[in-house]
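Student: show me the folded form of this:
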Amino acid sequence: MSVSLAEKISDSELEVMKVLWQAGDALPVNVIRETLQKDRGWEATTVKTLIGRLAAKGVIRQEKRNVFYYSPLIGEEEYKAWAADNLIRRLYQGSAKDLVAALVRSEGLTQADIEELRRLFRMED
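Tutor: Next up is the predicted model:
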């Protein structure tokens with residue numbers, strides 16, 4: 001995914017993407033709308049606007065069946081990897097070590113998290 005594409009996804013649009021990623025299949029507009037109305041309290045017009053923006057940006061595909069169905073054109077893991085890299089680059093000058101150190105200092109990691117990270121690092125050896 002290009003950096004410019006991911007940078008174009010707003011926080012609100014990301015909520016629509018999460019609904020699509022969670023579904024794992026194309027969804028009709030009414031299901032997306034109902035989910036976001038229930039979970040976020042968003043009006044139908046807001047959801048339709050966000051869907052339209054994502055389609056115009058080329059981040060989701062629109063398919064006409066009996067009604068419009070939408071599916072993501074970028075994967076959740078792909079987006080998360082971009083977002084993590086972007087965070088590290090913007091806030092920690094490209095140092096993942098500094099990010100982890102900040103999490104440890106802020107108590108953002110539990111002892112169980114730290115142990116899991118240790119196991120992951122040992123697997124790399």
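Student: after the lowest-mean-pLDDT helix or strand in the chain, which helix or strand is next?
Tutor: Sorting the helices and strands of the chain by mean pLDDT, DSSP states H and E puts helix 3-7 at the bottom, at a mean of 57. Note on helix 3-7: by DSSP states H and E, the next helix or strand toward the C-terminus is helix 11-23.
Student: average pLDDT for the very next helix or strand once past that following helix?
Tutor: From helix 11-23 onward toward the C-terminus, using DSSP H and E, the following helix or strand is strand 27-28. Strand 27-28 shows a mean pLDDT of 96.
Student: ditto for stretch 57-74
Tutor: The average pLDDT for stretch 57-74 rounds to 93.
Student: show residues contacting that stretch.
Tutor: Outside of stretch 57-74, the residues that reach it under the criterion CB atoms under 8 Å, 6 or more residues apart in numbering are 1, 5-6, 8-9, 13, 16-17, 20-21, 25-30, 32, 51, 54-55. Quick note: C-beta positions are derived from backbone N, CA and C, even for glycine.
Student: next, the buried residues of it.
Tutor: By neighbour count on 16 or more other CB atoms under 10 Å, the buried set for stretch 57-74 is Val59, Ile60, Phe68, Tyr69, Tyr70, Pro72, Ile74.
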